[in-house]
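Q: Provided below are the primary sequence and the corresponding predicted coordinates.
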Amino acid sequence: MKATPWAAVTALFLAALCAFAPGAASAQGRDNVYAVSGVYVDETAENAAAAQQAGFAAAYRIGFDRLVRRLTAPADLAARGMPVVEGPAFDLLVLSVDVEEERRSSTRYIGRLTIRFNPETVGARLRQHGLTVIDTRTSPVMIAPVSAAGTAEETAALWREVWTQGGFGNELAPLRIAPAELQGAPAWDVAAPFAQQAASASAIYATLSVQGSTATAQLVEVGANTRRDRGTVTARIQGTDTASLRAALASLAEQVNAQVQNEWKSRAVTTGGGQQRGRISASALYSDQRQWEQIKDALEAAAQTVVSEIRIEAVGRQGALVSFSFVGDENQLAAELARRGVSLQNTATGPTLRVAR
């Protein structure tokens with residue numbers, strides 16, 4: 001039987017739906033919240049296998065603790081306490097473990113791991129404990145980890161390292177770390193190009209200073225029309241070795257992250273999000289299947305941060321109509337898609353998605 005043009009379009013439409021499940025893309029963005037990266041462990045045991053087992057067990061506990069703090073309001077957690085999970089109970093909560101890096105000897109295991117938790121079982125466990133789960137994401141925040149004049153080069157490098165290896169990109173308010181080229185005093189005109197690449201409407205400069213056994217970071221947030229002093233965080237350096245310095249700097253980074261996340265969760269709880277949200281219908285234009293796949297991949301990747309509820313409304317040979325929700329403004333949305341190689345432009349016929357050239 002001869003195929004009609006409509007049959008061909010229908011077949012392409014069905015194939016596109018099979019290749020790109022919008023619900024799955026949105027779920028991936030949520031599930032990314034349940035992945036805890038940058039979990040550092042250092043365990044010793046009687047042999048290599050036992051040391052690795054102890055390392056993984058410690059990573060489960062550390063990861064779960066970080067995840068619970070990520071998904072709950074501080075006051076709620078303080079009132080109800082941290083849920084206690086031990087041993088085999090983690091089998092129901094942990095989906096997988098990714099090894100970012102590791103070193104081992106006959107009796108020691110050192111690793112930096114990513115623990116991927118099960119959203120359903122973790123959510124049920126927290127609600128059973130009386131905790132309210134907050135897993136709504138917002139648009140990214142850019143962090144510029146810079147150092148005060150006179151800071152040792154090795155210390156400045158370690159300050160950047162605790163940020164880049166800290167796993168902060170999976171937070172509810174994902175933290176994007178500015179490139180090393182961004183230096184100096186807080187200034188939006190300097191930070192703006194980097195913030196745009198990070199799809200962030202502002203930049204938080206975290207300026208490190210080390211005096212004796214005390215490390216501090218002065219926080220200043222700058223935006224197009226704002227400049228905000230976010231205060232100072234402090235940590236004690238417990239020893240003179242690199243590991244002690246790293247622990248103190250990691251504590252500073254965690255304090256900054258907690259400040260940003262708690263601010264977002266407070267808005268999410270009290271105002272249902274507290275940030276501009278919108279929905280857009282856009283024409284996705286492409287010349288071949290490869291470009292269409294690139295556009296779909298970009299939307300799916302953006303579902304990890306600012307995009308959700310993606311729907312393919314119609315598909316043709318050279319174009320498709322897609323709709324999706326987003327947080328932030330359209331400039332942030334366009335910047336996030338641009339990072340994925342797709343341009344979003346307002347044209348005479350409405351918003352248009354194309355593979356960037």
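A: Ah, there it is.

Q: The helix or strand in which residue 189 is found - contacts with which helices or strands?
A: Assigned by DSSP states H and E, residue 189 belongs to helix 188-197. Judged by 3 or more C-beta pairs under 8 Å, 6 or more residues apart in numbering; DSSP states H and E, the packing partners of helix 188-197 are strand 141-147, strand 202-211, strand 214-223, helix 330-339. Using the backbone N, CA and C atoms, a C-beta is placed for each residue, glycine as well.

Q: So which of these is nearest residue 263?
A: strand 141-147 (9.7 Å; C-beta to C-beta).

Q: what helices or strands is that closest one leaning on?
A: Using 3+ C-beta pairs under 8 Å, 6+ apart, strand 141-147 sits against helix 153-164, strand 175-177, helix 188-197, strand 202-211, helix 242-271.

Q: Now do it against strand 202-211, angle only.
A: Per axes from the mean of the first three to the mean of the last three C-alpha atoms, to 10 degrees, the angle that strand 141-147 makes with strand 202-211 is 30 degrees.

Q: picking up where we left off before, adding mean pLDDT and mean neighbour count as columns, could you present the helices and strands packed on strand 141-147 in JSON lines?
A: Below are the helices and strands packed on strand 141-147 laid out as JSON lines (pLDDT from 0 to 100; neighbours: other C-beta atoms under 10 Å):
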{"stretch": "helix 153-164", "mean pLDDT": "97", "mean neighbour count": "17"}
{"stretch": "strand 175-177", "mean pLDDT": "95", "mean neighbour count": "21"}
{"stretch": "helix 188-197", "mean pLDDT": "93", "mean neighbour count": "17"}
{"stretch": "strand 202-211", "mean pLDDT": "97", "mean neighbour count": "20"}
{"stretch": "helix 242-271", "mean pLDDT": "90", "mean neighbour count": "18"}
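
Q: Compare the ones you listed and give me the one nearest residue 119.
A: Nearest to residue 119, of the helices and strands packed on strand 141-147 and by C-beta to C-beta, is helix 242-271 at 16.9 Å.

Q: Quick check: next helix or strand after the closest one?
A: strand 277-285.

Q: in its sheet, what does that next one sit against?
A: Note on strand 277-285: by DSSP bridges, its sheet partners are strand 319-327 (antiparallel), strand 350-355 (parallel).

Q: Pull out the buried residues from the shortest one.
A: By neighbour count on 16 or more other C-beta atoms under 10 Å, the buried set for strand 350-355 is 351-355.

Q: Nothing else from me, thank you.
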